[in-house]
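Undergrad: Give me a model of this one.
(one chain, ligands or ions: 1)
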Amino acid sequence: MASIAFKRVSKAFDKHEVIKDLDLTIEDGKFTVLVGPSGCGKTTLLRMIAGLDPQTSGSVLIGGKDVSRIAPGKRGVAMVFQNYAIYPTMSVRENIEFGLVNNKVRKAEREELVEGISKAVGLYEYLERKPSTLSGGQRQRVALARAMVKKPSVFLMDEPLSNLDAKLRVQMRIELIELHKKLGATFVYVTHDQVEAMSMADTIVLMNKGVIQQEAPPDEMYRRPSNRFTAQFIGTPPMNVGELGESGSLFGFRPESAVLSEAQGDEPFSVRGVIATREMLGSETIYQVRSGSGNYMVKCSEDLFAAGQEVYVGVPAAKLHFFGEDERRIDE
Ligand code: ATP
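TA: Okay, here's the model as predicted:
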């Protein structure tokens, strides 16, 4: 069992509190992604699980056991960082088995483990090569393999793909999802990239300023954001949010939920405006519509309108979201 639980955890650096009275349970065997803007406390949470930063108050449990007094190396967790350190003078094989040699694992057993893991991450043919002769993605796999060899029940990953180019990042995301399925271990993955979170997670934990904003599977986070922050963090471009009269309450709709037309339709939300900007992205076009009540982003699968054109922005009732004065979701 390798569920992880935070119970009323706070963390302060000097007097600055960066995690505030946080409760969270990360399920055993799930791929959980911690996401949020820079400085919201994601890395700090990960380091508390690993035992690299002790919490100021509250407790951290792994597999139901309070690990506050357990040293980092004894927690059964492995961490893969953004700037993964692989040893340039060692071969891929030596890099992977490094921890095993240190732990005095016998040679035959080491060889069997390295062979199995290098096959799992697609490095078997590269075992005798030096890291300098590998691509960025392959080096990232060496770092993963080195973590895997210790057979941890929890993998902690802090922006492990951020040094890779966009194409490789997409490929590595798929590889990590497959690896997670194969290993059945608990994965906790930190990123500030909501697309990465949406595409990989079983559960997304969205944070802001040391406080969890929402914890949900990706589709629920997208369909039913629990507050304005979540609504505007998940999705590109972000959800349009406007005020309902003088009430202080808010309405919102996603750019892809709106319809543009030359004539007014019968949608409950319908405003007239002018196309201020048009951004053609290939399979879709993003328009910014300027209206008397504000500017709205609209994402269309067809490119039918030009800048300067008058249009109606219409949103069907089922696609409208409502938020109260406190910015929390109001349910229909
Ligand atoms: P990023 O996406 O930029 O990596 P993050 O969400 O991972 O951000 P953390 O690294 O957890 O954020 O940092 C949270 C807050 O704690 C930040 O305000 C940061 O400046 C502060 N902080 C982190 N580590 C320390 C430290 N060792 N000493 C003092 N302050 C720290």
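Undergrad: Might you report the residue contacts of the nearest residue to S38 once chain neighbours are set aside?
TA: Leaving aside its sequence neighbours, S38 sits nearest to H192 (Cβ to Cβ, 6 or more residues apart in numbering; 5.9 Å). No exception for glycine: its C-beta is placed from N, CA and C like everyone else's. The contact partners of H192, by Cβ atoms under 8 Å, 6 or more residues apart in numbering, come to V35, G36, P37, S38, K42, E159.
Undergrad: what about the nearest residue to M90 once chain neighbours are set aside, how many neighbours?
TA: In this structure, M90 finds its nearest non-sequential neighbour in F98, 7.1 Å apart by Cβ to Cβ, 6+ apart. Per other Cβ atoms under 10 Å, the neighbour tally for F98 reads 15.
Undergrad: Please apply the same query to R8.
TA: Neighbour count of R8, defined by other Cβ under 10 Å: 12.
Undergrad: related to what we said a few turns ago, list of residues touching the helix or strand hosting the residue nearest to M90?
TA: Using DSSP states H and E, F98 sits within helix 92-102. Defining contact as Cβ under 8 Å, 6+ apart, one finds that helix 92-102 is touched by 86-87, 90, 109-110, 113-114, 117-118, 123, 126-131, 134, 142, 145-146, 149-150.
Undergrad: buried sites along the helix or strand that it is followed by?
TA: Per DSSP H and E, helix 92-102 leads on to helix 107-120 as the next helix or strand towards the C-terminus. Neighbour-count burial for helix 107-120 flags R110, L113, V114, I117, S118, A120 (criterion: 16 or more other Cβ atoms under 10 Å).
Undergrad: Check the gap between the second one and I86 for me.
TA: Right, L113. 18 Å (Cβ to Cβ, to the nearest Å).
Undergrad: Not counting its neighbours along the chain, what's nearest A231?
TA: A231 sits nearest to P225 (Cβ to Cβ, 6+ apart), 3.8 Å away.
Undergrad: Contact partners for that neighbour?
TA: Contacts of P225 by Cβ under 8 Å, 6+ apart are Q214, A231, I234, M239, H321, R329.
Undergrad: try it again with 10 Å
TA: Contacts for P225 (Cβ atoms under 10 Å, 6 or more residues apart in numbering) come out as 206, 213-214, 216, 231-235, 239, 252, 254, 321, 323, 329.
Undergrad: and the residue of the stretch 101-250 of the chain found nearest the ligand, what are its phi and psi?
TA: Nearest residue of the stretch 101-250 of the chain to the ligand: H192, at 4.5 Å (Cβ to the nearest ligand atom). Per-residue torsions, H192: phi -100, psi 0 (degrees, to the nearest 10).
Undergrad: got it, and G235?
TA: According to degrees, to the nearest 10, G235 has phi 110, psi 140.
Undergrad: and it, what pLDDT?
TA: You'll see G235 listed with a pLDDT of 93.
Undergrad: thought it was touching P255?
TA: Yes. Here G235 lies in contact with P255, judged by Cβ atoms under 10 Å, at a distance of 7.7 Å.
Undergrad: residues shared between the contacts of those two?
TA: In contact with both G235 and P255: K299, using Cβ under 10 Å, 6+ apart.
Undergrad: and of the buried residues of helix 107-120, the nearest to R278?
TA: A120 (46.4 Å; Cβ to Cβ).
Undergrad: Return the residues in contact with that closest one.
TA: R141, L144, A145, M148, E175, E178, L179, K182, L183.
Undergrad: So which of those residues sit within helices?
TA: Judged by DSSP state H, the contacts of A120 include R141, L144, A145, M148, E175, E178, L179, K182, L183 as members of helices.
Undergrad: Could I get the contacting residues of the spatially most central residue of the chain?
TA: Centroid-nearest residue in the chain, with Cα atoms, centre = their mean: A197, separated by 2.8 Å. Contacts for A197 (Cβ under 10 Å, 6+ apart) come out as 32-36, 189-191, 203-206, 218, 221, 233-234.
Undergrad: Helices - which of those residues land there?
TA: Short answer: the contacts of A197 in helices (DSSP H) are P218, M221, F233.
Undergrad: how many other residues sit next to the closest residue to the first one other than its chain neighbours?
TA: Nearest in space to P218, with sequence neighbours left out and distances taken as Cβ to Cβ, 6+ apart, is M198 at 4.6 Å. M198 is flanked by 18 other residues according to other Cβ under 10 Å.
Undergrad: Just to be sure, M198 is in a helix?
TA: Yes. Using DSSP: H, G, I helix; E, B strand; the rest coil, the assignment for M198 is a helix.
Undergrad: dump the residue contacts of it.
TA: Residues near M198 by Cβ under 10 Å, 6+ apart: V33, V35, I204, P218, D219, M221, Y222, I234, G235, T236.
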